[in-house]
Structures are given as C-alpha cells and as structure tokens.
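K.L.:
Dropping a prediction and its sequence here:
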Amino acid sequence: MKRGEKIFCRAFQGAFRAALPILPYREPEILRRVKDIPKVLLQRNVDAVLLVTDKGVRGLGLTMQLEEELRKVGIRCAVYDKVEANPTIRMIEEARALYLKRDAKAIIAFGGGSAIDCGKVTGARIVKPKKPVHKMKGLLRICKKLPLLIAVPTTAGTGSETTLAAVITDSGTKRKYPINDFSLIPRYAVLDYHVTLGLPKFITATTGMDALTHAVEAYIGRSTTLETRFMAEQAAKLIYENLKKAYDDGQNARARENMLQAAYCAGVAFSRSYVGYVHAIAHSLGGQYGVPHGLANAVILPYFLEEYGPACYGKLAKLARCIGMVSKHTNDRRAAETFIQWVKDMNRYMEIPETIKEIREKDIPRLAKHAAEEGNPLYPVPVLMDAGELEVMYEKIMGKREEKADAGKNSETESILSQRKTHYIVLSKSSPESPGACHS
C-alpha cells in the first residue's frame, strides 16, 4: 500500500478511536431462558411477533417451546423459516412482507448469525421502507429505532446478538457486505445454553473458531480500549478452555454455556474495536461461493496471524499468557507462535480444512478489490494491505502458493537427482568398482 493511503487509513481509524467514548454503543439486556421472552413481550404490550429462523432450527424443535409459550399467553406468532446461510435481500423482503401482513409489533430472531442478521435488517427495512438494502451498507445508514428485536443465538460464535452489524448477500452481484448501525443492536439477547446442546460437531467447530476470530482480530487491532481488551481476553480464555470440550461432548452443559458467553464477549469486543482482513476476505468468499462464514474465518485466521508477524506478536503473546497457554516468562515471539500453532492444531483436531478450494484464480482480483474496499480505511489492522497484497493472501488460502513452493522444491529435487544420476553414469563408465489471558 502506498504511503499516502496508509496515512489516510490510520488517520480515519484514529478519528473513530477518538470518538469511541461518545458514540452510542450499548449492550442488549440479557435473558437466560427462552421461556422468559413472553413476559418481556407482555410488559411491552406486544400482541403479535415475527419469528425469524431457519428450517433446520425449527425442524429440530428448538422453537417449539417458544411458540407454545407465546400461544398460551395469547401472543400471535408469524413464522418466517426460510433463512439460509448467508442471508439474501430476497429473504429480508419476504420476512418484511410477512411482518406487515400479520401486523407484528416485534421480531424474534432465533438461530445462528444468518437468522439474527436477517432479523436485524428486516427491522431496518420496516422502519426505512423507502431505503433498499443495498443503500444501507456501510456505516450509519439507518439511524432510526427498530421494532423491538430479541435475538436467540443457537450457535456460540457469531456474536450477532450483541453487535451493531449485519452481513447480507446480494445474490445478483454475488457480493456480501456489512451493514453497521447502532440501531441494529438487539434490545434483548437470550443466552440459553439449552438450545445449543447437541449442536453438530462441525457447526460447533466453525462457530467456535468464528468467535475466536472476533476476539483475536479485535485484540490485535489498533483501536482497542480497556473494555474491549478485557472482553476479548475473556472470550479467548473461555474458548481455549471449553471449545474442545463442547466439540467432544455436545451435551456438556457447562462447556456450552461458557461458549455462549465467549461468543457474547467477543461480539462486544469487535463491535467497538472492529475486525480485520480475515473478515473482509471471508465475506467475499461467502458472497461469491457461499462458503460458511465461520468456516472461512477458521481457515483464514492463521494465515493472517503469520503474515502480520512481528506487528502482532506483542499483543498475541499477551493474549496467550493471559489465557494460560504459555508462562508469563515466555518471550513474545515464542508465545505468539505457540498461539498460532494452537489455532492450527484446533482446526486440524476438529477436521477443519487448511485451505479453501472453492476459490477460483480468475476471481481473485475482483475478490481482493472487494475485500480491500471493505477493510480500508475502516479496519484498524496491524499491517495495512491494498488489493494487490490481498491477492497474494487469496493465493495462499486457496493453496496455490503452497503448490508453487512444492513444485519449486520438486523441480530442484529432480535437478539434483538428474545431476547425481549423470555423475553416477560417468563414474560407472570410468571405474569398474564404482559404488552404487489477566486483562489489560
């Protein structure tokens, strides 16, 4: 990246960091049980709601208790269960139409990050009927209070239940982009671990690593505060101590509860301190190829931690010490490398691939351009990169650079073997006896 562009990016990020104390950040009120939702609705005189979820969650019966409790107290419930991974504008418009048709007064987003993001932007479209979704992308394009929004996360990873962000896919352009506005922060977040019990192993793995990515990118960035560092440390420690347990035993209630708390803490951290290029690339891959967000983050994270190198060693080392991964006397480089290796080991243990094979070489320049547009100047990353530098990262993530390196090694090996073979033949002809965690 050119020097002038770097100066602009850092100045932009500095301005946002300086404004953090006066920006209207807030946290949702926490409920610990799904069955507490009807009481909240009655207190607010809500007699009809829109339940936004997906067929998988509803098919597992996870929303059954809520639907029954709402029926008992006379609250009408319209269900939109067509949300899919990487929610699209079409889904939002369908959910909005159902909300209006059933005269709903509140939205309950019940599911993973996709359902919660869909619920958020549905609410935005309700209060901004003349503003299409694509004009909401970016920063502070809504600025209007949403209908009552209650988020019930069924995965411990996205943190969407506490953030000001929603990520939407435009299926026409195959672009995935974030919408950031304080009005998108839910009024209530229901952290009920019971709805996460028995979550499939792969979802447990990828959403858990998604939460870790939120915590790490927030922590190593250049816009942290005392609160966000503390929340990121809490999240990383809980993930370090509980993700493997939750993965190995989906019915481990304590591990599930701790992972929900970890995702929430990480969400608070990155809402204020932002994420980085890991997310920018993950969003581009979700839009273009439908790669699940958590999976993309899990694969991409170690590549960028290694690429940032010494620029993130100090903070990464501090995080490793804080969570008990290394002793307090371990030097920064070794502690940071231990942390990166742990990320790789966890991915391997949970059968998360090392590369993303869906990436097509011909798409890389366009994807890198989109990632650069998302990341710069907003994301306060340790090392700034332009589109050209991000192209190199795409090549690494798809395994191309590794293949080139292997090809180079093979070519060199073949050359050496060829030379040895020639030398051996010469010797044979000339001689009949030739040999064969803590907080800041």
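P.N.:
Arrived safely.

K.L.:
count of residues packed around A253?
P.N.:
For A253, the neighbour count with other CB atoms under 10 Å is 13. Using the backbone N, CA and C atoms, a C-beta is placed for each residue, glycine as well.

K.L.:
Please name the residues that touch it.
P.N.:
Applying CB atoms under 8 Å, 6 or more residues apart in numbering to A253 gives the contacts Y193, L197.

K.L.:
what about it, distance to N242?
P.N.:
Going from A253 to N242 by CB to CB, to the nearest Å gives 11 Å.

K.L.:
Just the pLDDT at L212, thanks.
P.N.:
Note for L212: predicted pLDDT of 98.

K.L.:
K135 too?
P.N.:
The model's pLDDT for K135 equals 95.

K.L.:
ok, it touching R141?
P.N.:
Yes: counting by CB atoms under 8 Å, K135 touches R141, with 6.6 Å between them.

K.L.:
Between those two, tell me which one has more neighbours.
P.N.:
R141 (14 against 11).

K.L.:
correct me, but Q288 touches D363?
P.N.:
Yes: between Q288 and D363 there is a contact at 6.2 Å, judged by CB under 8 Å.

K.L.:
the more surrounded of these two?
P.N.:
Under the neighbour definition other CB under 10 Å, Q288 and D363 were set side by side, and Q288 has more, 20 against 17.

K.L.:
Pull out the buried residues from the one helix or strand the more buried one maps to.
P.N.:
Assigned by DSSP states H and E, Q288 belongs to helix 277-289. For helix 277-289, burial by neighbour count (16 or more other CB atoms under 10 Å) applies to 277-289.

K.L.:
Confirm that K131 sits in a helix.
P.N.:
No: looking at K131 with DSSP: H, G, I helix; E, B strand; the rest coil, it is coil, so not inside a helix.

K.L.:
any idea how far A15 is from it?
P.N.:
Between K131 and A15 the computed distance is 26 Å (CB to CB).

K.L.:
In terms of packing, which of these two has more residues around it?
P.N.:
Higher neighbour count among K131 and A15: K131, with 14 against 10, using other CB under 10 Å.

K.L.:
and the more buried one, what pLDDT?
P.N.:
On the pLDDT scale, K131 is placed at 97.

K.L.:
Now do the contacts for it.
P.N.:
Residues near K131 by CB under 8 Å, 6+ apart: R125, R141, I142.

K.L.:
if you set the cut-off to 10 Å instead, what comes out?
P.N.:
A124, R125, R141, I142, K144 (CB atoms under 10 Å, 6 or more residues apart in numbering).

K.L.:
which of these count as buried?
P.N.:
Applying 16+ other CB under 10 Å to the contacts of K131 flags A124, R125, I142 as buried.

K.L.:
how about JSON lines for the residues you listed, with pLDDT added?
P.N.:
Shown next, in JSON lines, are the buried ones among the contacts of K131 (pLDDT from 0 to 100):
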{"residue": "A124", "pLDDT": "98"}
{"residue": "R125", "pLDDT": "98"}
{"residue": "I142", "pLDDT": "96"}
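
K.L.:
Narrow those residues to those in helices?
P.N.:
In helices, judged by DSSP state H, the following of the buried ones among the contacts of K131 are found: A124, R125.

K.L.:
Now render the buried ones among the contacts of K131 as JSON lines, adding distance to A266.
P.N.:
Shown next, in JSON lines, are the buried ones among the contacts of K131 (distance: CB to CB, whole Å):
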{"residue": "A124", "distance to A266": "23"}
{"residue": "R125", "distance to A266": "27"}
{"residue": "I142", "distance to A266": "23"}
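
K.L.:
what's the closest of the buried ones among the contacts of K131 to V152?
P.N.:
Among those, A124 lies closest to V152 (CB to CB), at 18.9 Å.

K.L.:
Leaving out chain neighbours, which residue sits closest to that closest one?
P.N.:
Leaving aside its chain neighbours, A124 sits nearest to I142 (4.9 Å; criterion: CB to CB, 6 or more residues apart in numbering).

K.L.:
hang on, the one you found packs against A165?
P.N.:
No: counting by CB atoms under 10 Å, I142 stays clear of A165, with 11.7 Å between them.

K.L.:
Pull up the overlap in contacts between the two.
P.N.:
Common neighbours of I142 and A165 (CB under 10 Å, 6+ apart) are K120, I179, N180, D181, L184.

K.L.:
Tell me the most packed of those residues, by neighbour count.
P.N.:
Counting neighbours by other CB under 10 Å, K120 comes out on top of those with 32 neighbours.

K.L.:
Spell out the secondary structure type for A166.
P.N.:
Counting by three-state DSSP, the backbone at A166 sits in strand.

K.L.:
separation between it and A246?
P.N.:
As defined by CB to CB, A166 lies at a distance of 26 Å from A246.

K.L.:
In this protein, where is pLDDT below threshold?
P.N.:
Applying pLDDT under 70 to the chain flags the ranges 401-440.

K.L.:
go with 80
P.N.:
Along the chain, segments meeting pLDDT under 80 span 400-440.

K.L.:
Just give me the residue right at the centre of it.
P.N.:
Closest to where the C-alpha atoms of the chain average out (CA atoms, centre = their mean) is D210, at 4.4 Å.

K.L.:
what's the helix or strand for that residue?
P.N.:
D210 belongs to helix 201-220 when assigned by DSSP H and E.

K.L.:
What is that helix packed up against?
P.N.:
helix 226-248, helix 253-273, helix 277-289, helix 293-308, helix 310-322, helix 332-349 (3 or more CB pairs under 10 Å, 6 or more residues apart in numbering; DSSP states H and E).

K.L.:
List the buried residues for the fourth one?
P.N.:
In other words, helix 293-308. For helix 293-308, using 16+ other CB under 10 Å, the buried residues are 293-305, 307-308.

K.L.:
Check those against H329 and report the nearest one.
P.N.:
Using CB to CB, L305 comes nearest to H329 of the buried residues of helix 293-308, at 22.0 Å.

K.L.:
re the thing from before, quick one: residues contacting the residue nearest to the centre of the chain.
P.N.:
Counting by CB under 10 Å, 6+ apart, D210 has contacts 112-113, 155-159, 263, 266, 279, 282, 292-298, 301.

K.L.:
cutoff 8 Å now
P.N.:
G113, G157, T158, H293, G294, N297, A298.

K.L.:
how close does the fifth one sit to A205?
P.N.:
Separation of G294 from A205 (CB to CB) stands at 8 Å.
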